[in-house]
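Student: generate a structure from the sequence data that follows.
(one chain, ligands or ions: 3)
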Amino acid sequence: MTTPSLLILPGDGIGPEVMAEVRKVIDWYGAKRDLAFDVSEDLVGGCAYDKHGTPLHDDTMAKAQEVDAVLLGAVGGPQYDSLDFSLKPERGLLRLRKEMDLFANLRPAQCFDALADFSSLKKDVVAGLDIMIVRELTSGIYFGEPRGIIEEGNERVGINTQRYTESEIDRVARNAFELAMRRNKKLCSMEKANVMESGVLWREVVTEVGKDYPEVELSHMYADAGAMQLCRWPKQFDVIVTDNLFGDLLSDAAAMLTGSLGMLPSASLGAPMANGRPKAMYEPVHGSAPDIAGQGKANPIACVLSFAMALRYSFDQGEEATRLEKAIEKVLADGYRTADLLGEEGKDPVSTSQMGDAIIAALDASL
Ligand SMILES: NC(=O)C1=CN([C@@H]2O[C@H](COP(=O)(O)OP(=O)(O)OC[C@H]3O[C@@H](n4cnc5c(N)ncnc54)[C@H](O)[C@@H]3O)[C@@H](O)[C@H]2O)C=CC1
Ligand SMILES: CC(C)CC(=O)C(=O)O
Ligand SMILES: [Mg+2]
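Tutor: Ligands and ions are numbered 1, 2, ... in the order given. As a prediction, the model looks like this:
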């Protein structure tokens, strides 16, 4: 069997800091579980712009297309805010998603028991929470044309276009129904069919796809009401499917149900490759967190959990993914907390690398 290949793109800000902890985990699997990866590393985002004058070099894009999976940290930073849109760090990430055609972004929000008290919501609202948000990732308002800032009369107009084809909705809906079949067979689709034509089409296509999955209980909700319900009683949901923009917002909101944005992983999946596994990129939901970058404060768990998703979805190593998730559960139960998991008055947080070391120790203890 050939060694599975992994392209690591740490990116900017806390990206390299959290990725360093994932590298420890990857090395552990090679040394202790005989599970080696052919790992290469490259630049994306602001660091790629600094070196190449573009947030994603064509060679890096080509590498991403060849490997079994990409693991990305985060991109962006205030020093790049005034760049032209085509050169911004975030464009590098959007290009990867678009050209790899990673249309289904799986964003699980799971509340670990040890953190149920820490959520900004009441304990009984979040304890035991395990939901999956499926966000459409390669279309919608982040990609639609026309876009730009134009002159009209004596003022400027900012334009973005929400656009969805039936086939784009169909494929992400199928992905969400398949996931629901493997979970609790409940799917809630969120759009704004009351005010947006794209939402009307979204609802029609999802309903049509649902006829192929009669066992799944399908419901529809306007996305604004969905945001409210996510905070009111999130455990009513199992799988949620929604568009690119609403999925971006709803999954950041869902992060706080779990305690911190530093806890949420994601998998961005495309069509199956020749080996039957989907084209894939794994990345934490959070960004480059410039406010804490370089201080050893970042929580690496979202990025480590993203690698656990890679083990499950790209490398057929479900049991090892569970081992890693359980190691994180143990570390949290043992009281290890980075600063984001302690709140304003919290004292004695562990650093990013101490959290990584604790995860390795818990992995050792699992053998
Ligand atoms: N996938 C990506 O690469 C993303 C990149 N961004 C970019 O990141 C930059 C900063 O964006 P923000 O809106 O500030 O979002 P952010 O997610 O970087 O940070 C929001 C807040 O959460 C905290 N936070 C985030 N991740 C954390 C972690 N692992 N541990 C502890 N605390 C954490 C930050 O300190 C900050 O207070 C921008 O340039 C933005 O475009 C934003 C979201 C996603
Ligand atoms: C391109 C990203 C910065 C947009 C975003 O916030 C995300 O995908 O989570
Ligand atoms: Mg986001």
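
Student: can you tell me if stretch 87-105 touches ligand 1.
Tutor: Yes. For stretch 87-105, a contact with ligand 1 is found by CB under 6 Å from any ligand atom, at Glu90, Leu93. (Each C-beta comes from the backbone N, C-alpha and C, glycine too.)

Student: CA-only coordinates of that stretch in PDB, if you can.
Tutor: What follows is stretch 87-105, C-alpha atoms only, in PDB (Å, rounded to 0.1, in the frame of the first residue of the first chain):
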ATOM      1  CA  LEU A  87      -4.500  39.500  -3.500                       C
ATOM      2  CA  LYS A  88      -6.000  39.200  -0.100                       C
ATOM      3  CA  PRO A  89      -5.000  36.100   1.900                       C
ATOM      4  CA  GLU A  90      -8.600  34.900   2.000                       C
ATOM      5  CA  ARG A  91      -8.600  34.600  -1.800                       C
ATOM      6  CA  GLY A  92      -5.900  31.900  -1.500                       C
ATOM      7  CA  LEU A  93      -8.300  29.800   0.600                       C
ATOM      8  CA  LEU A  94     -11.300  30.500  -1.600                       C
ATOM      9  CA  ARG A  95      -9.300  29.400  -4.700                       C
ATOM     10  CA  LEU A  96      -8.300  26.100  -3.000                       C
ATOM     11  CA  ARG A  97     -12.000  25.400  -2.100                       C
ATOM     12  CA  LYS A  98     -13.200  26.400  -5.600                       C
ATOM     13  CA  GLU A  99     -10.600  24.700  -7.800                       C
ATOM     14  CA  MET A 100     -10.700  21.500  -5.700                       C
ATOM     15  CA  ASP A 101     -14.500  21.800  -6.000                       C
ATOM     16  CA  LEU A 102     -14.900  21.200  -2.200                       C
ATOM     17  CA  PHE A 103     -18.700  21.800  -2.200                       C
ATOM     18  CA  ALA A 104     -19.600  20.200   1.100                       C
ATOM     19  CA  ASN A 105     -18.200  21.800   4.300                       C
END
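
Student: any figure for the gap between Gly259 and Leu341?
Tutor: Separation of Gly259 from Leu341 (CB to CB, to the nearest Å) stands at 6 Å.

Student: and for the two, which residues touch both?
Tutor: By CB atoms under 8 Å, 6 or more residues apart in numbering, Gly259 and Leu341 have these common neighbours: Leu115, Phe118.

Student: higher neighbour count, these two?
Tutor: Gly259 (27 against 22; other CB atoms under 10 Å).

Student: enumerate the residues of the stretch 201-350 of the chain near ligand 1.
Tutor: The stretch 201-350 of the chain has residues 261-262, 283, 286-292, 298-299, 302, 340 near ligand 1, with proximity defined as CB under 6 Å from any ligand atom.

Student: and Ser219, which helix or strand is it part of?
Tutor: Secondary structure assignment for Ser219, by DSSP states H and E: strand 217-222.

Student: buried set for that strand?
Tutor: For strand 217-222, the buried set under the neighbour-count rule, 16 or more other CB atoms under 10 Å, comprises Leu218, His220, Met221, Tyr222.

Student: what is that strand packed up against?
Tutor: Applying 3 or more CB pairs under 8 Å, 6 or more residues apart in numbering; DSSP states H and E, we find strand 217-222 packed against strand 186-191, helix 197-210.

Student: which neighbours in the sheet does the strand ranked longest in the chain have, and how are they oriented?
Tutor: Determined from DSSP state E, the single longest strand within the chain is strand 144-152. Strand pairing for strand 144-152, using DSSP bridges, gives strand 155-161 (antiparallel).

Student: now the angle from the strand it pairs with to helix 197-210?
Tutor: 10 degrees (axes from the mean of the first three to the mean of the last three CA atoms, to 10 degrees).

Student: and the angle from the helix or strand following strand 155-161 to strand 186-191?
Tutor: The helix or strand immediately downstream of strand 155-161 is helix 166-182, counting by DSSP H and E. Angle, helix 166-182 to strand 186-191, by the same axes, to 10 degrees: 150 degrees.

Student: can you check what angle separates helix 166-182 from strand 217-222?
Tutor: Orientation of helix 166-182 against strand 217-222 (the same axes, to 10 degrees) gives an angle of 130 degrees.

Student: quick one: contacts for the residue nearest in space to the middle of the chain?
Tutor: Nearest to the geometric centre of the chain sits Ser266, at 2.7 Å (CA atoms, centre = their mean). Shown in contact with Ser266 (CB under 8 Å, 6+ apart): Asn105, Leu106, Arg107, Pro108, Ser251, Tyr282, Glu283, Pro284, Val285, Ser306, Met309.

Student: in JSON lines: these, plus neighbour count and secondary structure.
Tutor: Shown next, in JSON lines, are the contacts of Ser266 (neighbours: other CB atoms under 10 Å; DSSP: H, G, I helix; E, B strand; the rest coil):
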{"residue": "Asn105", "neighbour count": "25", "secondary structure": "strand"}
{"residue": "Leu106", "neighbour count": "23", "secondary structure": "strand"}
{"residue": "Arg107", "neighbour count": "23", "secondary structure": "strand"}
{"residue": "Pro108", "neighbour count": "21", "secondary structure": "strand"}
{"residue": "Ser251", "neighbour count": "24", "secondary structure": "helix"}
{"residue": "Tyr282", "neighbour count": "26", "secondary structure": "strand"}
{"residue": "Glu283", "neighbour count": "26", "secondary structure": "coil"}
{"residue": "Pro284", "neighbour count": "30", "secondary structure": "coil"}
{"residue": "Val285", "neighbour count": "25", "secondary structure": "coil"}
{"residue": "Ser306", "neighbour count": "25", "secondary structure": "helix"}
{"residue": "Met309", "neighbour count": "24", "secondary structure": "helix"}
